[in-house]
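**Q** Build me a model from this:
(one chain, ligands or ions: 3)
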Amino acid sequence: MIGDSETARSGVVLIGMPGSGKSTVGRLLSEQTGLPFLDTDALIEAGESKRLAEIIAHHSPEGFREIEAAYVQSIQSAGSVISTGGSVCYSRDAMQHLAGLGTIVWLDVAPEVLEQRFADVFDRGVLIEPGSSLADLYHSRFPLYEQYAQIKIDASPLTAEEVVSQIRQQLAL
Ligand SMILES: Nc1ncnc2c1ncn2[C@@H]1O[C@H](COP(=O)(O)OP(=O)(O)OP(=O)(O)O)[C@@H](O)[C@H]1O
Ligand SMILES: O=C(O)C1=C[C@@H](O)[C@@H](O)[C@H](O)C1
Ligand SMILES: [Mg+2]
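**A** Ligands and ions are numbered 1, 2, ... in the order given. Take a look at the predicted model:
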């Protein structure tokens, strides 16, 4: 667990698997609290003028991770709600930077639930080895999300509104 300064406490950084609800919950939390909202996937797409799936298709997984880490480390907005991409957990530097911008909240959603949320994980542009399942990805990323999270929400049985409510309760927002 890293990042515990006063500045870090003023914002919220959502991490977790693709489809765990980071963008949905982040937008709702921003609407309810009035904190500005930033989605790192949108930041990358705007900066590269391409859709994520296209960017991923044109780079190696390591290449995409470097691009993502550079965009994330360019963010200066402490005190915002920041929804990240699921793969940001691979960059220690990016995670350390995020820890300086807000409390890191992990939306933990079981792979069986994630599978119901999108038909084809490969269409979505996720960094997953061909032949691997969402469950494989979940288990390989679990220790990374766990390492960086300051708060973990067991979000599998919750609606997006309930997740927002738990975050607001835990952070007194
Ligand atoms: N708590 C929830 N319960 C049910 N469905 C949800 C919940 N949160 C999000 N969803 C739905 O799951 C899908 C994925 O959500 P979302 O795009 O917010 O995930 P994400 O974590 O931002 O994914 P990515 O890492 O790909 O950006 C959307 O269709 C959204 O409406
Ligand atoms: O979990 C992942 O591997 C990804 C999730 C998306 O949010 C994007 O950041 C990108 O498509 C990779
Ligand atoms: Mg998202």
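**Q** Sketch out the strands for this structure, chain order is fine.
**A** 12-15, 37-39, 81-83, 103-108, 151-154 (DSSP state E).
**Q** so how many other residues sit close to whatever residue of the chain ends up closest to ligand 3?
**A** The minimum distance from the chain to ligand 3, using Cβ to the ion, falls at Ser23 (3.2 Å). (Glycine included, C-beta is placed from N, CA and C.) Ser23 is flanked by 19 other residues according to other Cβ atoms under 10 Å.
**Q** ok and the residue in the chain nearest ligand 1?
**A** Residue of the chain nearest ligand 1, by Cβ to the nearest ligand atom: Gly21 (2.8 Å).
**Q** List the contacts of that residue.
**A** By Cβ atoms under 8 Å, 6 or more residues apart in numbering, the contact list for Gly21 reads Leu107, Val109, Ala155, Ala160, Val163.
**Q** Which two of those residues have the greatest separation?
**A** Within the contacts of Gly21, Val109 and Ala160 form the most distant pair, 11.2 Å apart (Cβ to Cβ).
**Q** quick one: which of these two has more around it?
**A** More neighbours surround Val109 than the other of Val109 and Ala160, with 23 against 17 (other Cβ under 10 Å).
**Q** quick one, what contacts that one?
**A** When contacts are counted by Cβ under 8 Å, 6+ apart, Val109 touches Gly16, Met17, Gly19, Ser20, Gly21, Ala155, Ser156.
**Q** Lowest-confidence entry in the residues you listed?
**A** Ranked by pLDDT, those bottom out at Gly19 (92).
**Q** my guess is Asp154 contacts Asp108, does it?
**A** Yes. Between Asp154 and Asp108 there is a contact at 5.6 Å, judged by Cβ atoms under 8 Å.
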